[in-house]
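Colleague: Next come a sequence and a model predicted from it.
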Amino acid sequence: MSASKQEIVAFIEAEFPQTKCRVESVDEKGSTLSHEIGVNELRPGGTVSGPVLMSVADVAIYVAILGKIGIVPLTVTTSLTINFLRKPSADARIIAECTLMKVGRTLIVGEVSLYSEGSSDLVAHVVGTYSVPPQPRQTTL
């Protein structure tokens, strides 16, 4: 039971109005998101801050999962590992490309590649694990 891009966008807008992430595409295999960069996203040295990159990656995995299993709001991050590879541009959107690596009943693992828009060089690589809440058992009478 998957969710469409429109369903996911409506859910994210309602439940996470503070996010600046934009869902570009989503299907049962993954998602692509973008995030505008302005002065509020920069750290000293004129680069995008680590927390912004982590947030974009986390949302990309969450959106990919919703695209695969449907809207399950209490699906939560249990692990997020990020490798910062190069300085992102302060003048370009961050693009996140997520691929779901393993989809289990209770755990889902996703991989995210982060880029500065217009460049094919990775700025960060992220792997995250999410826990899916147990679904109620159906009983027969």
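Modeller: Received, thanks. Numbers count the residues shown, from 1 in each chain.

Colleague: from here on, contacts and neighbour counts on C-alpha atoms
Modeller: Noted.

Colleague: Is residue 125 bridged to anything, and to what?
Modeller: residue 83, residue 113 (DSSP bridges).

Colleague: State the distance from it to residue 116.
Modeller: Distance, residue 125 to residue 116, by C-alpha to C-alpha, to the nearest Å: 13 Å.

Colleague: between those two, which one's more packed in?
Modeller: residue 116 (24 against 20; other C-alpha atoms under 10 Å).

Colleague: mind checking pLDDT for the more buried one?
Modeller: Note on residue 116: pLDDT of 98.

Colleague: Then residue 101?
Modeller: 98.

Colleague: Now do the phi/psi pair for it.
Modeller: Dihedral pair for residue 101: phi -90, psi -40, per degrees, to the nearest 10.

Colleague: For it, list the residues it contacts.
Modeller: 108-111 (C-alpha atoms under 8 Å, 6 or more residues apart in numbering).

Colleague: quick one, strands of the chain?
Modeller: 21-26, 30-35, 42-43, 47-48, 76-84, 94-103, 107-116, 122-131 (DSSP state E).

Colleague: Determine the set of other helices and strands touching the fifth one.
Modeller: Here strand 76-84 touches helix 50-69, strand 122-131, going by 3 or more C-alpha pairs under 8 Å, 6 or more residues apart in numbering; DSSP states H and E.

Colleague: what's in contact with that strand?
Modeller: Where contact means C-alpha under 8 Å, 6+ apart, the residues beyond strand 76-84 that reach it are 54, 58, 123-132.

Colleague: And the last one, by the same measure?
Modeller: When contacts are taken as C-alpha under 8 Å, 6+ apart, the neighbours of strand 122-131 outside the stretch itself are 53, 57-58, 61-62, 75-88, 106-116.

Colleague: Would you mind measuring from residue 49 to residue 31?
Modeller: For residue 49, the distance to residue 31 - C-alpha to C-alpha - is 22 Å.

Colleague: Looking at the two, which is more packed in?
Modeller: Per other C-alpha under 10 Å, whichever of residue 49 and residue 31 has more neighbours is residue 31, with 27 against 17.

Colleague: residues contacting the more buried one?
Modeller: Residue 31 sits next to 23-25, 60-61, 63-64, 67, 96-99 when contact means C-alpha under 8 Å, 6+ apart.
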